[in-house]
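Engineer: Give me coordinates for this.
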Amino acid sequence: MTYQDVLDMLDETGLPSAYHHFAEGESPDPPFLVFLFPESDNFGADNGVYQKIDVLNIELYTDRKDPEIEADVEAVLSNHDLFYNKSEVWIESEKMYEVLYQARIIYA
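Structural biologist: Numbers count the residues shown, from 1 in each chain. All right, here's what the predicted structure looks like:
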């Protein structure tokens with residue numbers, strides 16, 4: 001799954017989305033999505049990368065708990081056969097919830 005594949009997939013949610021962050025002054029009102037590839041989790045063999053694996057974080061930001069929006073995002077991820085784990089935090093300084101969907105992208 002490439003950068004463009006992720007953008008196209010997130011477009012299906014109908015929510016504004018950006019890689020890593022929105023530019024200063026261009027952040028939309030919540031809900032919105034941010035995604036990034038923060039690290040790799042490669043599998044090694046014979047002193048090299050045998051299997052390339054990237055970690056993909058998709059962050060959903062809302063100003064209130066919204067299970068319906070979460071279900072919509074999860075449906076899109078499932079429709080793309082993306083296995084994910086989910087966690088959630090309240091960001092006090094921003095007065096927003098962040099729901100994190102974390103997946104591993106395994107390249108052929």
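
Engineer: For Asn85, give me its contacts.
Structural biologist: Applying C-beta atoms under 8 Å, 6 or more residues apart in numbering, we find Asn85 in contact with 101-103. No exception for glycine: its C-beta is placed from N, CA and C like everyone else's.

Engineer: Report the buried members of these.
Structural biologist: 101, 103 (16 or more other C-beta atoms under 10 Å).

Engineer: now the contacts of Asn85 in a markdown table, with pLDDT?
Structural biologist: Shown next, in a markdown table, are the contacts of Asn85 (pLDDT from 0 to 100):
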| residue | pLDDT |
| --- | --- |
| Tyr101 | 98 |
| Gln102 | 98 |
| Ala103 | 97 |
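
Engineer: Please flag which of the contacts of Asn85 sit within strands.
Structural biologist: Using DSSP state E, the members of those that fall in strands are 101-103.

Engineer: farthest residue from the center of this protein?
Structural biologist: Asp46 (32.0 Å; C-alpha atoms, centre = their mean).

Engineer: Could you report the pLDDT at that residue?
Structural biologist: Asp46 carries a pLDDT value of 94.

Engineer: now swap in Val34 and tell me
Structural biologist: Per-residue confidence (pLDDT) for Val34: 98.

Engineer: same deal with Thr2?
Structural biologist: 89.

Engineer: The protein: helices as residue ranges?
Structural biologist: Remark: helices assigned in the chain by DSSP state H are 3-11, 67-79.

Engineer: and of these, who's closest to Asp41?
Structural biologist: For Asp41, the closest of the helices of the chain is helix 3-11, at 16.7 Å, according to C-beta to C-beta.

Engineer: Give the buried residues for the closest one.
Structural biologist: Buried residues in helix 3-11 (16+ other C-beta under 10 Å): 6, 9-10.
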